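Take a look and give me a structure for this.
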Amino acid sequence: MDDGDWAEFARRMATLARDLLAQPSVDATLKRITESAVELMDGCDAAGILLVRRRTVRTFAPTDDLVTQADELQEHLGEGPCLDVIRHDAERVFRVHDLTAHPDRWPRFVPEAAGLGIGSMMGFLLYTEDEELGALNLYSRRPSAFTEAGETTGWLLASHAAVALSSARTHAQLEEAMATRDVIGEAIGILRERHHLDPDQAFTALRRYSQERNIKLRDVARQVCASGRIGS
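Residues are numbered from 1 along each chain as shown. From the prediction side, this is the model:
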């Protein structure tokens, strides 16, 4: 890139960073990440985010059916470049110039993926949280679509994506915590009014029922809000 190209690229990345942080939900953030990958990455025909938790594979925000098909194929076969970058996160990135050139590494995945029309792939580890791992994966229908310069662009995009995704998840968790607090408060109010309890007694009743029935406290509170009493 010359100076003008770098300046334009920097402007687009700055706009993307603001855009990602402005998204209203985790799902919207994921969708904008994958859309941006197709928009910004030369040769990228499709993009998606793969999350693996306790060996369960889930695909988020695919821009094309090709992404979902490839992820399902890797989960079914238990092999493939997207799973490798998650399982062996020391690599943190993969770039496959020509998928058909790696029949020994992924002997079952390669012929099936070629049948889907995948020519080359590139992926980046996004984050590690508890037992959940994620990667941003890019697909092209032609071989050698992703270059070394493209890998640098992908790293920048993945870095922005990881920050935005973490922020979105934190915001969603905060909203859930506030909603839980509100529903528990409402349930306590209902029990106080109906059974003439003080706040501590009402909360103790909720907690005891939750522990005895092995039901989450917020779910017990929702039952009280819906029916006006604890239990059926």
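
Let me see the domain layout of this structure.
Using automatic domain parsing, the domains assigned to the chain come out as 3-169, 174-227.

Buried deepest among those domains, which one?
Burial among those, expressed as mean neighbours by mean count of other C-beta atoms under 10 Å, is greatest for domain 3-169, which shows a mean of 17. No exception for glycine: its C-beta is placed from N, CA and C like everyone else's.

quick one on the thing from earlier: quick one: the domains of the chain as TSV, columns for mean pLDDT too.
Putting these into TSV (pLDDT from 0 to 100) gives the following:
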stretch	mean pLDDT
domain 3-169	83
domain 174-227	83
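
which residues touch the helix or strand hosting V38?
Applying DSSP states H and E as the criterion places V38 in helix 26-40. Helix 26-40 is contacted from outside by 12, 16, 19-20, 23, 44-49, 60-63, 136, 138, 153-154, 157, 161, 164-165, 168-169, 172, using C-beta atoms under 8 Å, 6 or more residues apart in numbering.

distance from the centroid: which residue in this structure tops it?
Ranked by distance from the centre of the chain (C-alpha atoms, centre = their mean), the top residue is H196, with 45.8 Å.

ok, that one to P24 distance?
For H196, the distance to P24 (C-beta to C-beta, to the nearest Å) stands at 42 Å.

And R218, by the same measure?
Using C-beta to C-beta, we find R218 at a distance of 23 Å from P24.

following the helix or strand containing R207, which helix or strand comes up?
Assigned by DSSP H and E, R207 belongs to helix 199-213. Using DSSP H and E, the helix or strand that directly follows helix 199-213 along the chain is helix 217-227.

Does anything pack onto that next one? Which helices or strands?
Where contact means 3 or more C-beta pairs under 8 Å, 6 or more residues apart in numbering; DSSP states H and E, helix 217-227 is packed against helix 148-195, helix 199-213.

Output the ones you listed as TSV; include the columns distance to A114.
Supplementary listing: these in TSV, determined by distance: least, C-beta to C-beta, whole Å:
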stretch	distance to A114
helix 148-195	21
helix 199-213	53
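
Between those, which one is closest to E112.
Closest approach to E112 among the helices and strands packed on helix 217-227 (C-beta to C-beta): helix 148-195, 24.4 Å.

That closest one versus helix 199-213: what angle between them?
110 degrees (axes from the mean of the first three to the mean of the last three C-alpha atoms, to 10 degrees).

For helix 148-195, name the packing helices and strands.
Counting by 3+ C-beta pairs under 8 Å, 6+ apart, helix 148-195 packs on helix 3-21, helix 26-40, strand 93-96, strand 120-129, strand 132-140, helix 199-213, helix 217-227.

Need the nearest residue in space to R95, chain neighbours excluded.
Once flanking residues are discounted, R95 sits nearest to M122: 4.6 Å by C-beta to C-beta, 6 or more residues apart in numbering.

List the contacts of the one you found.
M122 neighbours (C-beta under 8 Å, 6+ apart): 93-96, 137-138, 146, 150-151, 154.

Tabulate the residues you listed in TSV, adding columns for distance to H102.
Formatted as TSV, the contacts of M122 follow (distance: C-beta to C-beta, whole Å):
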residue	distance to H102
V93	16
F94	10
R95	12
V96	7
N137	16
L138	17
F146	15
G150	19
E151	17
G154	19
